[in-house]
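A.B. asks: got a sequence here, can you build the structure:
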Amino acid sequence: MDNLIKKIISSSSLQLTIQDDEITKLARFSQNLLDHGVERGLTSLTDREDIVRELIVDSLGAKPFIQGPCKVADLGSGSGVPGLPLAVVSPESNFVMVESQNRKARWIEEQITELNLPKATTLAKRIEEVGQVPQWREQFDFIVAKALAPLPSLIELALPLLKTNGLLLAYKGIKLSEELDLSKNALKNLFARVEEIFTYDLSGRERKICVIKKLKATPKIYPRRVGMAQHNPL
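C.D. replies: The predicted model follows:
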């Protein structure tokens, strides 16, 4: 796994410098996903190269923005991506993996222990609930999210957790332009703007991260109650 990870990273356009001990941890996480990901309902991927490319190296796309020490939340972390790979290569920063499904949260906790990530933790709660708790509201420098929700919904879920001037780093696919068109109202209501669309090449395919900056404090009514952001987006 180590050599495969190095190969895919070096062939990408990310220009990342990853330490050998970090590669070892990424390889262990990759192997754990290969061995247990399907049986535990974490991923449908069964090929080692697919797992390394899509779940490990693609997760590192946000690394150029996350320069620590800082506080990062991964919303809807699922199998632990992109949060755990980013935590491995950003050991100086604090990471909170927000995952409401207890079985997935337990998996993430297991990986945090096995990979020895003392500054990472799991929060097994709904994002809407976390966003209204003073301990977490407007406490993060960065929010990352991969395959969680369309952009209009994601903006409402993420922005309440960000500090003013913090960044939402949303991993997005071919529907990004359409999602951006639908996000104008959410950006206006939550006082945010699109800073850039960061693109990088991975195994010959262009990947995108939509970078959204929070401009001032989020109105207290957001996020709305559980499910509203998804079922009735702004």
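A.B. asks: contact partners of stretch 185-204?
C.D. replies: Taking CB atoms under 8 Å, 6 or more residues apart in numbering as the criterion, the residues outside stretch 185-204 that touch it are 8, 11-14, 53, 57-58, 61, 64-65, 151-152, 155-156, 159-160, 167-168, 176, 180, 206-219, 222, 233-234. (Each C-beta comes from the backbone N, C-alpha and C, glycine too.)
A.B. asks: repeat for stretch 88-98
C.D. replies: Residues external to stretch 88-98 that are found in contact with it (CB under 8 Å, 6+ apart): 16, 18, 22, 25-26, 29, 60, 63, 66, 68-77, 80, 83-84, 86-87, 105, 108, 115, 117, 119-123, 125, 127, 130, 136, 140.
A.B. asks: the nearest residue to Glu54 once chain neighbours are set aside sits in which helix or strand?
C.D. replies: With CB to CB, 6 or more residues apart in numbering as the criterion, Glu54 has its nearest non-adjacent residue at 6.4 Å, and that residue is Leu45. For Leu45, there is no helix or strand it lies in under DSSP states H and E.
A.B. asks: where in the chain is pLDDT low?
C.D. replies: Regions of the chain meeting the criterion pLDDT under 70 are absent.
A.B. asks: which residues of the chain fall in helices?
C.D. replies: Chain-ordered helices for the chain, with DSSP state H as the definition, fall at 2-11, 20-36, 48-51, 83-89, 102-114, 127-130, 151-158, 176-181, 184-189, 228-231.
A.B. asks: list only buried entries from the contacts of stretch 88-98.
C.D. replies: Neighbour-count burial within these applies to 16, 18, 22, 25-26, 29, 60, 63, 66, 70-77, 80, 83-84, 86-87, 105, 108, 115, 117, 119-120, 122-123, 127, 130, 136, 140; the criterion is 16 or more other CB atoms under 10 Å.
A.B. asks: what sits against the nearest residue to Leu115 once chain neighbours are set aside?
C.D. replies: Across the structure, with CB to CB, 6+ apart as the measure, the residue nearest Leu115 apart from its sequence neighbours is Lys25 (4.8 Å). With contacts taken as CB under 8 Å, 6+ apart, Lys25 has the following neighbours: 88, 115-116.
A.B. asks: returning to what we had before: inside strands: which ones of the contacts of stretch 185-204?
C.D. replies: Members of the contacts of stretch 185-204 lying in strands (criterion: DSSP state E): 167-168, 206-214.
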